[in-house]
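Colleague: Return atomic coordinates for the entry below.
(one chain, ligands or ions: 2)
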Amino acid sequence: MRITRRLEFDAGHRIPDHASQCRHIHGHRYAIEVTLSGRIIDAAGQPVNGMVMDFADVKAIAKHHLVDLWDHAFLVYRGDTVVVELLARIPGHKTVVLDVIPTAENLAHLAFRILDPLYRDTYGNDLRLEQVRLYETPNCWADAIRGAE
Ligand SMILES: Nc1nc2c(c(=O)[nH]1)N=C([C@H](O)[C@H](O)COP(=O)(O)OP(=O)(O)OP(=O)(O)O)CN2
Ligand SMILES: [Zn+2]
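Modeller: Ligands and ions are numbered 1, 2, ... in the order given. From the prediction side, this is the model:
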């Protein structure tokens, strides 16, 4: 069985090597969809009975470990020194410096690696992260898939 929880956040970025518009500083209403697989829990009387994982718990983990860190931040590539240095001059600015260029593909891959160890099987139902889908716009997204991240 697979279940998916969607969360949304706002962030700024730019793709420094892009040939067109995306080299400019701009922002997106990103969405992230976290897909887990596992067997349906059969535990009479337990709050998670009949679930793979409570959607509220799926959300809480992704929010605490990823979305709260990226929301209203500027996601900048470490090698984009002109922007890194510019943002460092703004006191208290929420900047997330990444080792990769903040494309949808790289953000999906990074999100998968951050979240993968956090979805732990606590009911013996073989729970695991299968996919992170990262929407940059409603029309553009990237999938980081287990085994092909
Ligand atoms: N493979 C990728 N291509 C592009 C990425 C990316 O992350 N991976 N990112 C961008 C830009 O950041 C941009 O935000 C997306 O631009 P665009 O294609 O213009 O998307 P829109 O939804 O704004 O376009 P519409 O034409 O309005 O649908 C570019 N490429
Ligand atoms: Zn963009």
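
Colleague: Who's the closest spatial neighbour of the spatially most central residue of the chain, skipping the chain neighbours?
Modeller: The centroid of the chain falls nearest to residue 111 when counting by Cα atoms, centre = their mean (4.0 Å). Excluding the flanking residues, the one nearest residue 111 by Cβ to Cβ, 6 or more residues apart in numbering is residue 132, at 4.7 Å. (Each C-beta comes from the backbone N, C-alpha and C, glycine too.)

Colleague: mind checking pLDDT for the residue nearest to residue 77 when sequence neighbours are not counted?
Modeller: In space, residue 77 comes closest to residue 101 once its chain neighbours are excluded; the distance is 4.6 Å by Cβ to Cβ, 6+ apart. Note for residue 101: predicted pLDDT of 98.

Colleague: Number of residues surrounding residue 101?
Modeller: 20 (other Cβ atoms under 10 Å).

Colleague: what does residue 147 give?
Modeller: Residues lying near residue 147 (other Cβ under 10 Å) number 5.
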